[in-house]
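Q: any chance you can model this:
(chains A and B)
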Amino acid sequence: AQKITQTQPGMFVQEKEAVTLDCTYDTSDQSYGLFWYKQPSSGEMIFLIYQGSYDEQNATEGRYSLNFQKARKSANLVISASQLGDSAMYFCAMREGHRGSTLGRLYFGRGTQLTVWP
Amino acid sequence: DGGITQSPKYLFRKEGQNVTLSCEQNLNHDAMYWYRQDPGQGLRLIYYSQIVNDFQKGDIAEGYSVSREKKESFPLTVTSAQKNPTAFYLCASSLGSTFDFGNGTRLTVT
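A: The predicted structure follows:
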């Protein structure tokens, strides 16, 4: 079974608008971490935001926020006030077992290609 | 500045040749990983290493080999046994909830 599912292959948003990128995950662990990365066309993976399964507040980093709904096993990324430079591929990823553990690889979804238009 | 260095950025090889991709980190991270990315797909794990002199196969290890002789270095060898080696390869390292990536090596085998 897929550990991470991103159902939107492509999304379009107008500049200055907000956009939500969907991510659902599958794990039986109680302890896990959720990551979002941005990958521009140059290929590097840029870390955006992290949410631990025990974190009570939704994570926020500048214009990025993570809408974490544990019961639904969803971890959607919200980008507010989109900019042209936000156009990129976005990946959701999960690591089972965090709380300082160095164990655990990242499982990735297939990604969502976001295009911001003027 | 701390980071992960992958070299070279682009690599071209003839079919049947082994090729080694370099990955060096100065973040003092314990764990290191190799992922492969194909167009339209997410990242798939090839190998990972939690400590020096130890490593485990990931989901698509066939045709690849690694070594971890030093904490800072985790080279990946793409052997001639790998059926479709042309891809984008990303190295990563982690400590705790931090998970960082190098800039990747794009390998083309013809």
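
Q: touching chain A at all, the lowest-mean-pLDDT helix or strand in chain B?
A: Sorted by mean pLDDT, DSSP states H and E, the helices and strands of chain B end with strand B:98-101, the least confident at a mean of 91. Yes: on the criterion CB under 8 Å from any CB of the partner chain, strand B:98-101 is in touch with chain A at B:99-101. Any C-beta I mention is one placed from the backbone N, CA and C, and that applies to glycine too.

Q: dump the residue contacts of B:Y35.
A: A:108, B:43-46, B:89-92 (CB atoms under 8 Å, 6 or more residues apart in numbering or on different chains).

Q: please redo it, this time with the cut-off set to 7 Å
A: Counting by CB atoms under 7 Å, 6 or more residues apart in numbering or on different chains, B:Y35 makes contact with B:43-46, B:90, B:92.

Q: okay, and it sits in which element?
A: Element membership for B:Y35 (DSSP states H and E) is strand B:31-37.

Q: quick one, the helix or strand immediately after that strand in the chain and strand B:31-37 angle?
A: Scanning forward in sequence from strand B:31-37 by DSSP H and E, the next helix or strand is strand B:43-49. Interaxial angle of strand B:43-49 relative to strand B:31-37 (axes from the mean of the first three to the mean of the last three CA atoms, to 10 degrees): 150 degrees.

Q: after strand B:43-49, which helix or strand is next? Please name it.
A: Assigned by DSSP H and E, the successor of strand B:43-49 is strand B:56-57.

Q: just confirm B:R68 contacts B:Y48, I think it does.
A: No: between B:R68 and B:Y48 there is no contact under CB atoms under 7 Å: 9.6 Å.

Q: now the common contact residues for the two.
A: Common neighbours of B:R68 and B:Y48 (criterion: CB under 7 Å, 6+ apart): B:32, B:55.

Q: the more surrounded of the two?
A: Just comparing B:R68 and B:Y48: by other CB atoms under 10 Å in any protein chain shown the higher neighbour count belongs to B:Y48, 26 against 19.
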